[in-house]
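Undergrad: quick one: sequence plus predicted model below, questions after.
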Amino acid sequence: RWEGPPKGIYLAGSVISGTVFVDVPDGHSINPADVGLSVAFRGKEDVKVRYRKTERYRDSEGNSKTRQVTKYAYASRNIVELGVSLGQTGPAGGSLQAGRYAFPFELRVPGQIPTSMENSGDGGYC
């Protein structure tokens, strides 16, 4: 179950919270620490910039000419990666028997990240 803003847009200092549900089938048991039960979030930025550049070239007769060409620059980077292990939140003894289990989580987005934005136009986006 997701408890957060639509589209997953978060600002610096926001709290991300929710619940992970685990269904253990009849006749089975699991240890959450053994299966690596965790929640991970990644915030990233993607940028595409369109720009014009003047190029020199020679025509078929050898004359020097110039022309405008359209170029694109792309960049992508991770801004923040957050994670929390849920493996230590099981019942005493560590083993989950058949049934449904809820693992609530809460993560705070660091305060030093840039704010969210979205813009597109003229062949580019960010």
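TA: Yep, it's here.
Undergrad: lowest-scoring secondary structure element of this protein by mean pLDDT?
TA: Comparing helices and strands within the chain by mean pLDDT, DSSP states H and E singles out strand 2-3 as the least confident, with a mean of 54.
Undergrad: let me see the mean pLDDT of whichever helix or strand comes after that strand.
TA: Counting by DSSP states H and E, the next helix or strand C-terminal to strand 2-3 is strand 15-24. The pLDDT scores in strand 15-24 average 86.
Undergrad: in strand 15-24, what's buried?
TA: 16, 22 (16 or more other Cβ atoms under 10 Å). Any C-beta I mention is one placed from the backbone N, CA and C, and that applies to glycine too.
Undergrad: since we're on Tyr10, how many residues are nearby?
TA: Tyr10: 21 surrounding residues under other Cβ atoms under 10 Å.
Undergrad: ugh, typo on my part, it should be Glu81
TA: 10.
Undergrad: excluding covalently adjacent residues, which one is nearest to it?
TA: Arg42 (5.2 Å; Cβ to Cβ, 6 or more residues apart in numbering).
Undergrad: from Glu106, how far out is the one you found?
TA: Here Arg42 is placed at a distance of 17 Å from Glu106 (Cβ to Cβ, to the nearest Å).
Undergrad: also Glu55?
TA: 54 Å.
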